[in-house]
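*Asks:* no sequence on this one, just coordinates:
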């Protein structure tokens, strides 16, 4: 085996397979399960973390716990962000079977059809909504059953939690949205994303429906699938410009695996560009600075990084109906005990059971602002934000213009890469945040919430001018944990497009990337669902058996070019 192009191997070869998949996350677990359906091929799946069989991973309401444990989380953080007064933000990524689908908030959001069509418009041929819809449908089992937009028999169970039955604040929030002039949507993942309605989650009979549980658990019984955990992938082995395997670290030893057909990177929007760069595939200046020999000068590897930001819009609640009373340790214990015995109750939901998708201004064809409503006022670590009852909306614009990057610092796979999102460095992003704050305050100020709404804790009514909003957002905004787009698909004439439409790395044979890093642009919503869809479609691309496209109508307001909610004194919005 000639490995001279990207370094020698001072370790043992531990086997070979037709396909080697790096990362068992939202995409990797699906790829391993789908490719190993063919008994004629062999698959090895590599994961740096360990087992997902843990009550804090499986119980939906415990979502804040695994996200804050190094056992399950890579624990990345950004560089000081120039648009956020130099603040560094956490960037958690799953380090466990199931990857980030095992530690995320389980919100199931496909994104608007326009978001997916935008991928094709940006040069990703065949990745429009009509071609992607069949794969959204194939992956899910929607609790209302199959229809033109939804799947009814897929591996991933999708429901609406406790269906809002356990708290009146959900319905009050939805009613407030309608009073503010927004339409009600019975299914934002179907015909109509725009509006207010129930939120969906990938929860299966009270248990987190991660890709490890939905796909990998049954697939691991196949003799042609081998899953290795606790391994840190160093780089892709190249023979010239052909991928022939991977080098990895395990138990203090350096080892390699050979791929007879392909290596597939599914390490996510931080991990996949880092592995490529350590393999000598990336921007020449970045590789040279890290003392990595350049094999393929690919300027787009690690660039185009995008993410969503959010803030917590919090109010005191005048009625004792919020979840705050359940945040003491002993009440959490009771919730957990019930869940362990019955898989129901408050432990069986992520509590984001109502939401909204709205447009920031006239002239936007589809929504670009998202709300997650929570009938509690709390922090992401699960602790109460203040004494007494409260409720909050997680809000943020979802179509940022700002772009960042992921760049390795050295060839050492144990060293975290440099991550810079460049949040709010584009003027348009700052203006969208002003609209998001004002439109959200107007919506939450409606009569439907009057009997519950107390003081606005944050931002606070005094945060109203452009300057005050800008400063408050810079000081308080947090990542919504949706890094994406760092190894994007695109046309051959786009020098920043790393991948062709079949997810193949340009300039390298036998190497693909399939995960959220390949998005040409970020979608309006949480990213787990489109990441799973990408894996479903990517598996079929590899196997050469694509499903036919499905054309369906998608709702949009007739007056989207000229009309949007306006806030008194700020009619530009």
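*Replies:* Received the coordinates, thanks. This structure is a prediction, so every number in the text was calculated from the model and none was measured. Residues are numbered from 1 along each chain as shown.
*Asks:* what comes up buried for stretch 545-563?
*Replies:* Neighbour counts over stretch 545-563 (16 or more other CB atoms under 10 Å) mark 554, 556-557 as buried. Placement of C-beta: from N, CA and C, glycine included.
*Asks:* would you mind putting the residues you listed into CSV with secondary structure and distance to residue 539 alongside?
*Replies:* Formatted as CSV, the buried residues of stretch 545-563 follow (DSSP: H, G, I helix; E, B strand; the rest coil; distance: CB to CB, whole Å):
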residue, secondary structure, distance to residue 539
554, coil, 26
556, coil, 31
557, coil, 36
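*Asks:* now, which of those sits nearest residue 463?
*Replies:* Nearest to residue 463 out of those is residue 557 (CB to CB; 29.5 Å).
*Asks:* return the residues in contact with the closest one.
*Replies:* Shown in contact with residue 557 (CB atoms under 8 Å, 6 or more residues apart in numbering): 183, 194, 563.
*Asks:* which of those residues scores worst on pLDDT?
*Replies:* Lowest in pLDDT among the contacts of residue 557 is residue 563, which has 73.
*Asks:* quick one on the thing from earlier: of all the contacts of residue 557, which comes closest to residue 67?
*Replies:* Taking CB to CB as the measure, residue 194 is the one of the contacts of residue 557 closest to residue 67, at 29.4 Å.
*Asks:* need the contact list for that closest one.
*Replies:* The contact partners of residue 194, by CB under 8 Å, 6+ apart, come to 112, 182-183, 185, 188, 357-359, 366-367, 555-557.
*Asks:* out of those residues, which are buried?
*Replies:* Buried members of these, scored by 16+ other CB under 10 Å, are 112, 182, 185, 188, 357-359, 366-367, 556-557.
*Asks:* from these, which ones fall inside strands?
*Replies:* Those of these mapping onto strands are 357-358, per DSSP state E.
*Asks:* can you lay out the buried ones among the contacts of residue 194 as a markdown table showing distance to residue 168?
*Replies:* Below are the buried ones among the contacts of residue 194 laid out as a markdown table (distance: CB to CB, whole Å):
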| residue | distance to residue 168 |
| --- | --- |
| 112 | 29 |
| 182 | 20 |
| 185 | 20 |
| 188 | 21 |
| 357 | 23 |
| 358 | 23 |
| 359 | 28 |
| 366 | 31 |
| 367 | 26 |
| 556 | 32 |
| 557 | 29 |
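*Asks:* what is the nearest of the buried ones among the contacts of residue 194 to residue 151?
*Replies:* For the buried ones among the contacts of residue 194, the nearest to residue 151 is residue 188 (15.7 Å; CB to CB).
*Asks:* per-residue confidence for that closest one?
*Replies:* pLDDT at residue 188 comes out at 98.
*Asks:* phi, psi of it?
*Replies:* Backbone torsions of residue 188, given as degrees, to the nearest 10, read phi -70, psi -10.
*Asks:* please verify my assumption that it contacts residue 195.
*Replies:* Yes. Contact criterion CB atoms under 8 Å: residue 188 and residue 195 qualify, at 7.2 Å.
*Asks:* and residue 511, what is it in contact with?
*Replies:* Contacts for residue 511 were tallied using CB under 8 Å, 6+ apart; they are 236, 243, 262-265, 504-505.
*Asks:* one more: residue 174?
*Replies:* Taking CB under 8 Å, 6+ apart, we find residue 174 in contact with 184, 196-198, 354.
*Asks:* buried among these? Make that a PyMOL selection.
*Replies:* Remark: buried members of those, expressed as a PyMOL selection using 16+ other CB under 10 Å:
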select buried, resi 196+197+198+354
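*Asks:* which of the contacts of residue 174 sits closest to residue 325?
*Replies:* Among the contacts of residue 174, residue 354 lies closest to residue 325 (CB to CB), at 19.5 Å.
*Asks:* what are the phi and psi values at that closest one?
*Replies:* Dihedral pair for residue 354: phi -140, psi 150, per degrees, to the nearest 10.
*Asks:* which strand is the longest one in the chain?
*Replies:* Ranked by residue count and defined by DSSP E, the top strand of the chain is strand 253-265.
*Asks:* could I get the buried residue list for it?
*Replies:* For strand 253-265, a neighbour-count test (16+ other CB under 10 Å) marks 255-259, 261-265 as buried.
*Asks:* tell me where the stretch 251-400 of the chain has helices.
*Replies:* According to DSSP state H, counting those that start in this stretch, the stretch 251-400 of the chain carries its helices in the segments 268-278, 284-289, 329-342.
*Asks:* just for the protein, where's the confidence low?
*Replies:* 1-12, 380-383, 565-573 (pLDDT under 70).
*Asks:* state the distance from the residue most central in space within the chain to residue 159.
*Replies:* By CA atoms, centre = their mean, the chain has its centre lying nearest to residue 527, at 3.0 Å. Separation of residue 527 from residue 159 (CB to CB, to the nearest Å): 19 Å.
*Asks:* residue 56 too?
*Replies:* 21 Å.
*Asks:* who has more neighbours out of the two?
*Replies:* Neighbours of residue 56 and residue 159, each counted by other CB atoms under 10 Å, are more numerous for residue 159; the result is 23 against 18.
*Asks:* wait, the more buried one touches residue 198, no?
*Replies:* No. Using CB under 8 Å, residue 159 is not in contact with residue 198, being 9.8 Å away.
*Asks:* if we can go back for a sec, which residues are common contacts for residue 188 and residue 195?
*Replies:* By CB under 8 Å, 6+ apart, the residues touching both residue 188 and residue 195 are residue 357.
*Asks:* ok so, going back, can you put the buried residues of stretch 545-563 in TSV and add distance to residue 24?
*Replies:* Below are the buried residues of stretch 545-563 laid out as TSV (distance: CB to CB, whole Å):
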residue	distance to residue 24
554	33
556	38
557	41
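*Asks:* tell me the one of those residues nearest residue 443?
*Replies:* residue 557 (16.8 Å).
*Asks:* surely the residue nearest to the centre of the chain is in contact with residue 515?
*Replies:* No. Look at residue 527 against residue 515 with CB under 8 Å: they stay out of range, at 10.0 Å.
*Asks:* what sits against the spatially closest residue to residue 522 that is not a sequence neighbour?
*Replies:* Excluding the flanking residues, the one nearest residue 522 by CB to CB, 6 or more residues apart in numbering is residue 306, at 4.3 Å. Residue 306 sits next to 400, 402-404, 421, 483-485, 519, 521-522 when contact means CB under 8 Å, 6+ apart.
*Asks:* can you show me the helices along this protein?
*Replies:* Assigned by DSSP state H, the chain shows helices spanning 28-35, 55-58, 64-67, 113-121, 129-139, 168-179, 211, 217-219, 268-278, 284-289, 329-342, 427-444, 466-476, 528-543.
*Asks:* which of the ones you listed is buried the deepest?
*Replies:* Ranked by mean neighbour count, those are led by helix 211 with a mean of 33 (mean count of other CB atoms under 10 Å).
*Asks:* and the contacts of it?
*Replies:* Identification of contacts with helix 211 by CB under 8 Å, 6+ apart yields 24-30, 98-99, 101, 156, 532, 535.
*Asks:* the nearest residue to residue 47 once chain neighbours are set aside: how many residues sit nearby?
*Replies:* Here the nearest residue to residue 47 in space, its sequence neighbours aside, is residue 24; by CB to CB, 6+ apart that works out to 4.0 Å. By other CB under 10 Å, 33 other residues sit near residue 24.
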